[in-house]
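Colleague: Structure for the following, please:
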Amino acid sequence: MPKFLFKRWHGIQQWVGLALILALDALLAMYDWWLGAAGFVLAAALIVYTIIGERAFRRDYKAYIGSLTQRLKRTGENVISELPFGIILYNEEKQVEWHNPFVAQITRRESAVGYSLTELFPVLQQVKDRESGLEAAIDGHVYGFHFKPQERLLFIMEITELSQLRKKYEEEKLAIGIVMIDSLEEVTQGMDDNHRTSLLSKVTTEITEWAQQNQIHLKRLNSDRFFLVTDQKTLRTLEQTRFGLLDDVREMTSDLKIPITLSIGFACGAESYVELGQWAQTSLDVALGRGGDQAVVKVGSRQTFYGGKSGAVEKRTRVRARVVAHALRDMIRESRNVLIMGHKVPDMDSLGASIGVMKAAQAIGREAYIVLEGDNPSIQNLMDLFREDEKFMKHFVTPEQALTLVDDATLAVVVDTHRASMVKEPKLLTLTDRVVVVDHHRRSEDFISNPILVYMEPYASSACELVTELLQYIHDRIVLDVREATALLAGITVDTKSFSLRTGARTFEAASFLRRSGADSTLVQRMLKENLDEYVRKAEMIKNAEVLYGHISIAVTEPGVKYSQLLIAQAADTLLNMTDILASFVIAERTDGTVGISARSLGDMNVQVVMERMGGGGHLTNAACQSEGSVHEVAAKLKRVLEQIEQEEGLFE
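Modeller: This is a model prediction of the structure:
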């Protein structure tokens, strides 16, 4: 106990004793006043002594408090100067007013007072005047910045070790993948056993060596599927090399009539291993749905595509078509009605496929309706075939009418697209759990959620081809009238450019079935005729086209002049017919105010990859997108994308 506190306790005892003496003296005075007077004298002496002791206590107390304050001040200064983090007080102009020595050590200045925060730490330009956290590397160290705006206070802490641990944790996250040989049975059909075994051995050796070089654990699941286990650091390395295994295997087997290609699905960053496995399988499904010969990587919410340089291999058997047709037939029978939707701004392929699905539903005895609204030049001639038939036209409904027809027993069939944002009425898909997708485009990230049946075949020329195959198995006695068969044939004709692009044996088989059903090819050609005014406008669109990289033609129209999407697509087709042109892009302002791009190629360049980077999508040889801004801004962006692809992997095979 400090000495002055002991004195204080002694003084308290004196006051208590004095009070007792005074009380006792008062009693004595009642009996003998001499004794009382003597007692009062003694009490007075005690009072004087106690007052002197009280003053001494207060003097010692003030000295103690002063000493303690000085010690605390010196200790506080030492603590602040030796703190392992920085403290900065700044004014309203973000200039430093005071800082501790740690800040001087970071900035390598004797004093940072008077400097602005952004001058000392340029990374702080990203931060507003609010409470926020930010990390930045300075001279090989990582620091965390944390603002207290109300106090105009900034804390700076070194988090180098934490950052390294976090980086190590991220790099060591488990990543799993699946490698699949595309259409192995189709590619090796007709080979003898020795040739087939030798070919598979070469491909397997290539995959195994690739896995060993990248320190990936490889497990073969069956003849055409491999399981991969690695970490996120290795996965990033594979992404940087853009999965060169795809090109190596394709080039190694290029001497075959149909080279062998691979599809790869990778996943990392899921909450559980079960979810991680589902992501890997989903990534592989997306790669296959986009036609194969590519890798799809899903890390958290990010999904990235690599490869996709070759077209999908056409399947020679119709087993899948028959299985899907039977499944679709059962779903139609279990439904009260069927609503069919194509994409926005429908074309002949979308409308023809919709009519084919409606015919299938009617053959099974279910009411079917096609969601369609407004006039569209690309389908006007086809619609004219049906306008005089009131019984047929009553099956065309607007999106508003469709919403009144849907219930839990409704089957929604989406044709010629698989993107929820592209359908005519996206809300319709949320009102029923029974959704079927029939499409021939390469699968994109924006896929309709949770469909109960998906029939996506990127090798197919058109949605009409897929629907035509389904019709042959969905009902034994289905009979198409001339208009219905012609509509389906028109869709195939338009998407194949009169059977000159993306046609396989099954395309001609489908067309043959439609011709036997009464399809009028002369009527199709009549519907596809152009008028003179449109031809002149198309010539105006392409007259200022420029050629890049020797084989890519880009046409940009005049600002403010609007064109229909059909005319933009036709201009791209026309450019593709020019000598030495392997890919064409036409950029024009659409009638809805957006800027549209139509992209075409002969197969040497994947225009779908280009359009995906522009925010659109499509097919290997046929793609498009819509963008905001002026035509010249969109053209500049397209050129930057082409330059980026050329630097990363080359534009042509």
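Colleague: In terms of residue numbering, what are the domains of this protein?
Modeller: For the chain, automatic domain parsing gives the domain ranges 3-81, 85-167, 174-307, 319-527, 538-648.
Colleague: any chance of those in TSV, with mean neighbour count and mean pLDDT too?
Modeller: In short, each C-beta sits where N, CA and C put it, glycine included. Formatted as TSV, the domains of the chain follow (neighbours: other C-beta atoms under 10 Å; pLDDT from 0 to 100):
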stretch	mean neighbour count	mean pLDDT
domain 3-81	13	60
domain 85-167	14	81
domain 174-307	18	88
domain 319-527	20	89
domain 538-648	19	88
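Colleague: if I read this right, residue 224 contacts residue 180, doesn't it?
Modeller: Yes. Under the criterion of C-beta atoms under 8 Å, residue 224 is in contact with residue 180, at a separation of 5.9 Å.
Colleague: Which residue is the nearest non-sequential neighbour of residue 263?
Modeller: Closest residue to residue 263 in three dimensions, ignoring its sequence neighbours and counting by C-beta to C-beta, 6 or more residues apart in numbering: residue 287, at 4.1 Å.
Colleague: Can you classify that neighbour by secondary structure?
Modeller: In terms of secondary structure, residue 287 is helix; the call rests on DSSP: H, G, I helix; E, B strand; the rest coil.
Colleague: Tell me how far it lies from residue 308.
Modeller: Separation of residue 287 from residue 308 (C-beta to C-beta, to the nearest Å): 8 Å.
Colleague: where do the contact lists of those two overlap?
Modeller: Common neighbours of residue 287 and residue 308, counting by C-beta atoms under 8 Å, 6 or more residues apart in numbering, are residue 294.
Colleague: who touches the residue nearest to residue 263 in this structure?
Modeller: Contact partners of residue 287, counting by C-beta under 8 Å, 6+ apart, are 263-265, 294-296, 305.
Colleague: In strands only, show me those residues.
Modeller: Taking DSSP state E as the definition of strands, the contacts of residue 287 contribute 263-265, 294-296, 305.
Colleague: Could you export those residues as TSV, including distance to residue 445?
Modeller: Conversion of those to TSV gives the following (distance: C-beta to C-beta, whole Å):
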residue	distance to residue 445
263	16
264	16
265	13
294	13
295	14
296	9
305	8
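Colleague: So which of those is the closest to residue 113?
Modeller: residue 305 (52.6 Å; C-beta to C-beta).
Colleague: thought residue 215 was touching residue 237?
Modeller: No. Residue 215 lies out of contact with residue 237 (C-beta under 8 Å); the separation is 9.6 Å.
Colleague: Can you work out which other helices and strands pack against the helix or strand harbouring residue 569?
Modeller: When secondary structure is defined by DSSP states H and E, residue 569 falls within helix 565-576. If you count contacts as 3 or more C-beta pairs under 8 Å, 6 or more residues apart in numbering; DSSP states H and E, helix 565-576 packs onto helix 377-384, helix 532-542, strand 552-556, strand 583-590, strand 595-601.
Colleague: Walk me through which strands the fourth one pairs with, and which way each runs.
Modeller: The reference is to strand 583-590. On the basis of DSSP bridges, the sheet neighbours of strand 583-590 come out as strand 552-556 (parallel), strand 562-563 (parallel), strand 595-601 (antiparallel).
Colleague: does residue 599 really touch residue 617, like I thought?
Modeller: No. Using C-beta under 8 Å, residue 599 is not in contact with residue 617; the gap is 10.4 Å.
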